[in-house]
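> Next come a sequence and a model predicted from it.
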Amino acid sequence: MLVGSSIVANASMEDYNVLARREEETIRLRAEAMELNNLKAVDVDLVKEKAAAEAAVKEAEERGAKVLKEVDAHRARLNKAMEELKNRVTIIEEVSARATEAEARAREAEEARDGLATSLSKVTVDHLWMREHGIRHEDEVAGGAKNDAGTSGTKAD
């Protein structure tokens, strides 16, 4: 009987060892299950973070597109303002050139007027001198000859 008991004891021992291994396996599987649950929770959090990040990226892209539109609009307004400014500069340059030409013509006219005034002054002085010295102008001589028949017309009496 010893042999039969020993077989039963060995079988029991074997069953006990199998049971112990199964229990260890169960403990390990429970620990892995808890870890798996933690990983699932982390995965859920990561999915939420990914969705939030994607939404943030989409919002940033939309803002970027809006800013680009605004920048393009500002650039268009600046280009238009630059064109207007260039046109005004061109107009100012043309007006300035005309003013310079007008000033030159005015200087020439003033010089001519001054020359004429000087000539007139000389003629006036000469005329007064001639009058003081009894010398009459040809028109006066012709008119005087009709009035003064008999005067020579070279000297006044």
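Yep, it's here.
> Secondary structure class of R136, three-state.
What DSSP: H, G, I helix; E, B strand; the rest coil gives for R136 is coil.
> what about it, neighbour count?
Under the neighbour criterion other Cβ atoms under 10 Å, R136 is assigned a count of 17. In short, each C-beta sits where N, CA and C put it, glycine included.
> how much space between it and M130?
7 Å (Cβ to Cβ, to the nearest Å).
> next one: stretch 30-49 to chain centre, how far?
Relative to its chain's centre, stretch 30-49 lies at 55 Å (Cα atoms, centre = their mean, to the nearest Å).
> Now that stretch - C-alpha only, PDB.
What follows is stretch 30-49 as a C-alpha-only set of coordinates in PDB (Å, rounded to 0.1, in the frame of the first residue of the first chain):
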ATOM      1  CA  ARG A  30      -4.800  39.500 -12.900                       C
ATOM      2  CA  ALA A  31      -1.800  41.800 -12.700                       C
ATOM      3  CA  GLU A  32      -1.600  41.900 -16.500                       C
ATOM      4  CA  ALA A  33      -5.400  42.600 -16.600                       C
ATOM      5  CA  MET A  34      -5.000  45.500 -14.200                       C
ATOM      6  CA  GLU A  35      -2.100  46.700 -16.300                       C
ATOM      7  CA  LEU A  36      -4.200  46.200 -19.400                       C
ATOM      8  CA  ASN A  37      -7.000  48.300 -17.800                       C
ATOM      9  CA  ASN A  38      -4.500  51.000 -17.000                       C
ATOM     10  CA  LEU A  39      -3.200  50.900 -20.600                       C
ATOM     11  CA  LYS A  40      -6.800  51.100 -21.800                       C
ATOM     12  CA  ALA A  41      -7.400  54.200 -19.600                       C
ATOM     13  CA  VAL A  42      -4.200  55.700 -20.900                       C
ATOM     14  CA  ASP A  43      -5.300  54.800 -24.400                       C
ATOM     15  CA  VAL A  44      -8.600  56.600 -23.800                       C
ATOM     16  CA  ASP A  45      -6.700  59.600 -22.500                       C
ATOM     17  CA  LEU A  46      -4.400  59.500 -25.500                       C
ATOM     18  CA  VAL A  47      -7.300  59.300 -27.900                       C
ATOM     19  CA  LYS A  48      -8.900  62.300 -26.100                       C
ATOM     20  CA  GLU A  49      -5.500  64.200 -26.200                       C
END
